[in-house]
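*Asks:* The amino acid sequence is not available; the structure is as follows:
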């Protein structure tokens, strides 16, 4: 299952940043989706974008950063709605649902009034940001033996697992799962603890909502089902019964 989401040897799986404002793809990533999401966050000061995960089994065109400006989507309205409901230009990551990538070539609006040059400059900066974030992530990991880095890592470690330094800091879902795995002793115990985590999340995220509660529940069910599908486990009946 992980092969569908992560590029491997001879894999055609990749990630692409789509910009609804120009209806074109701006950037392609073949290595690390987490770094690519960081890149999207950085670029959100300039553009509103959506990162698509493109598994090789869906037979998408072989785009590269050099060629991606020639590609767009068959249906663009869906993807504008998918981007955080217009609240903020925070990048989202999504699978390409009920849509397909098409090659359009250059359009007239890109070659008038210097718009093409502006777009090329934006892409050039996006490429630099992508490379810069790969560099700092790799350098940071490979520099963990230094005293300064050890101190920073210890602070992060304590916050996630022991909460000795910042109990008021709310963990995100990844950190919550890391915390549960750290204190569980086997798979069954971990699965039970994770199920409890999801039940609490449903109560907090959906149970207290007056408006859009049905949509929140639907989104949560899709999120939870995706987690268990990638994990290779069945979604617990307790979760399905609440969110049905």
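*Replies:* Nice, thanks for sending it over. Fair warning: this is a prediction, and the values are worked out from it, not measured in the lab. Numbering: from 1, shown residues only.
*Asks:* per-domain residue ranges of this protein.
*Replies:* If you go by automatic domain parsing, the domain ranges for the chain are 2-140, 159-242.
*Asks:* what residues are up against residue 195?
*Replies:* Neighbour list for residue 195: 236, 238, 239 [criterion: C-beta atoms under 8 Å, 6 or more residues apart in numbering]. The C-beta positions use only the backbone N, C-alpha and C, and glycine is treated the same way.
*Asks:* which one of those has the most neighbours?
*Replies:* Ranked by the number of neighbours (other C-beta atoms under 10 Å), the contacts of residue 195 place residue 239 first, at 19 neighbours.
*Asks:* contacts for the strand or helix carrying it?
*Replies:* Element membership of residue 239 [criterion: DSSP states H and E] is helix 237-242. By C-beta under 8 Å, 6+ apart, the list of residues contacting helix 237-242 from outside reads 195, 198, 199, 202, 221, 224.
*Asks:* Now for the second one, how many residues are close by?
*Replies:* As a burial measure, the neighbour count of residue 198 was computed by other C-beta under 10 Å and equals 22.
*Asks:* measure it to residue 191 for me?
*Replies:* Distance of residue 198 to residue 191, computed by C-beta to C-beta, to the nearest Å: 11 Å.
*Asks:* Reformat the contacts of residue 195 as JSON lines; add pLDDT.
*Replies:* As requested, these are arranged in JSON lines below (pLDDT from 0 to 100):
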{"residue": "236", "pLDDT": "91"}
{"residue": "238", "pLDDT": "86"}
{"residue": "239", "pLDDT": "85"}
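*Asks:* Could you point out which of these is nearest to residue 69?
*Replies:* residue 239 (42.3 Å; C-beta to C-beta).
*Asks:* how far away is the closest one from residue 60?
*Replies:* Applying C-beta to C-beta, the value for residue 239 to residue 60 is 32 Å.
*Asks:* Secondary structure class of the residue nearest the centre of the chain, three-state.
*Replies:* Centre of the chain computed as the mean C-alpha position; nearest residue by C-alpha atoms, centre = their mean is residue 93, 4.0 Å away. When the structure is reduced to helix, strand and coil (DSSP: H, G, I helix; E, B strand; the rest coil), residue 93 reads as strand.
*Asks:* Enumerate every residue touching the residue lying closest to it once chain neighbours are set aside.
*Replies:* The shortest distance from residue 93 to any residue that is not its chain neighbour, by C-beta to C-beta, 6 or more residues apart in numbering, is 4.4 Å, and that residue is residue 51. Residues touching residue 51, when contacts are defined by C-beta under 8 Å, 6+ apart, comprise 15, 16, 17, 18, 33, 36, 37, 40, 91, 92, 93, 94.
*Asks:* element containing residue 51?
*Replies:* In this assignment (DSSP H and E), residue 51 forms part of strand 50-54.
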